[in-house]
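In: Show me how the following folds:
(one chain, ligands or ions: 1)
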Amino acid sequence: MESTPTQPRSTPATLSLLIRQIRSEASGINSFELVHPAGEPLPAVAAGAHIDLYLDGGVIRQYSLCNDPVERHRYVIAVLREDAGQGGSRLMHDNVRVRDIVSVSYPRNNFGLVPGAKKHILLAGGIGVTPLKAMAHYLESTGEDYALHYCAKSEEHAAFREEFAVQVAKGRVIFHFDGGNPRDGLDLVSLLESHVEGTHVYYCGPGGFMAACATATQHWPRELVHFEHFKAPVQAAPTISATVAVSAEISFLKIASSGALFAMSEDKSIVEVLAENGIDIETSCQSGLCGTCKTRYLEGEVDHRDYILSDEDHLEYLTACVSRPKGKLLVLDL
Ligand code: FES
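Out: As a prediction, this is how the structure comes out:
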């Protein structure tokens, strides 16, 4: 697949990388290999890292790196085409071609492996396998104890089957095909029934899979359970009484360094309110998934709406793209 190189969108602190290869990995899933155009080594990453890809029309999407993190000559991402999605995956499948130059962010990692764990249980639902595949490569090379359970609808829907063949033969990677009915797939409740000291669980997948993993691990100590959403879960709309109660009280943002006060409005995020007043907070996913907009607050209560920060983080930080003040005043450490 070849085309004329295209011009990257100019964005600060980004890398311009060449699409060297596009491969069909499974039904609806293509992998994209990105390399430095001059063959230079790429910034080092740890397993679980992701990059932002800047697509046409200002669209930004986050993709986990799924190749062995020891590789410095390439980043590999995999994209499931979602025709009913918001368009990012269609752009990737339909518009991005071999030899294109694309703008990507420097890698970030909110989903790293815990060093020194006795065992790692990796649970992948569909395309959520990507960060866990990088982890499996890393753990295989370090000889640490791990198991990757990869849940998919069928063999045709499971990506990287050839690449996983050796680990499958060793019993390290186990496929679970459910034919579209999760009840016929991996029994998460049995698998995670008891936790052994030093065993950590990591999971990533679509909403239903994330909810099932959360339920199956609810009796595990929080510090042993790690997950990454690749899409914000669907939230129930607030009830009318809740909406009225929230909007009855106007909240203000206060900037600690200047004392400036800005009124919040229900339909705007903290990022938007600050931007209107000349204060820019860097963002990426704008969905509470990546942590780019993480901001320290000094006073006030927060309605945390993100899927990335821990309970401990929430005591000090908020995600300005989705979270909201809860009371009358929220003081930001800006
Ligand atoms: S921009 Fe990603 S969490 Fe706010």
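In: Quickly note the distance from the residue sitting nearest the centre point of the chain to the ligand.
Out: Among the residues of the chain, the one closest to the centroid is F230, at 4.2 Å (Cα atoms, centre = their mean). According to Cβ to the nearest ligand atom, to the nearest Å, F230 and the ligand sit 12 Å apart. Every C-beta, even on glycine, is put in place using the N, C-alpha and C of the backbone.
In: With C290 instead?
Out: 4 Å.
In: correct me, but that residue touches F111?
Out: No - using Cβ atoms under 8 Å, C290 makes no contact with F111, being 10.5 Å away.
In: who's more crowded, those two?
Out: C290 (25 against 22; other Cβ atoms under 10 Å).
In: excluding its backbone neighbours, what's nearest that one?
Out: Nearest residue to C290 in three dimensions, chain neighbours excluded: S284, at 4.8 Å (Cβ to Cβ, 6 or more residues apart in numbering).
In: residues near that neighbour, how many?
Out: For S284, using other Cβ under 10 Å, the count is 20.
In: That one sits in which helix or strand?
Out: Here S284 is covered by no helix or strand, with elements defined by DSSP states H and E.
In: Give me the packing partners of the helix or strand where L17 lies, helices and strands only.
Out: According to DSSP H and E, L17 maps onto strand 14-26. For strand 14-26, the packing partners by 3 or more Cβ pairs under 8 Å, 6 or more residues apart in numbering; DSSP states H and E come out as strand 29-35, strand 101-105.
In: Buried deepest among the ones you listed, which one?
Out: Of all those, strand 29-35 carries the top mean neighbour count, a mean of 21, counting by mean count of other Cβ atoms under 10 Å.
In: Run the angle between that one and strand 14-26 for me.
Out: 150 degrees (axes from the mean of the first three to the mean of the last three Cα atoms, to 10 degrees).
In: which strands and helices sit next to the next helix or strand after strand 29-35?
Out: Next along the chain after strand 29-35, taking DSSP H and E as the criterion, comes strand 50-54. Applying 3+ Cβ pairs under 8 Å, 6+ apart, one finds that strand 50-54 contacts strand 60-64, strand 75-80, strand 101-105.
In: remind me which residues of the stretch 151-300 of the chain are low pLDDT?
Out: By pLDDT under 70, the low-scoring segments of the stretch 151-300 of the chain are 233-249.
In: Mind jotting down where the helices sit in it?
Out: 165-169, 188-191, 207-216, 240-247, 270-276 (DSSP state H, counting those that start in this stretch).
In: just the ones you listed: most buried one?
Out: helix 270-276 (a mean of 19).
In: From the chain's centroid, how far away is it?
Out: The chain centroid and the centroid of helix 270-276 are separated by 24 Å under Cα atoms, centre = their mean, to the nearest Å.
In: what about it, near the ligand?
Out: No - Helix 270-276 lies out of reach of the ligand by Cβ under 6 Å from any ligand atom, never closer than 7.4 Å.
In: could we number from 9 for the rest of this?
Out: Sure thing, new numbering starts at 9, so read that last one as helix 278-284.
In: So which elements touch that helix?
Out: strand 260-263, strand 269-271.
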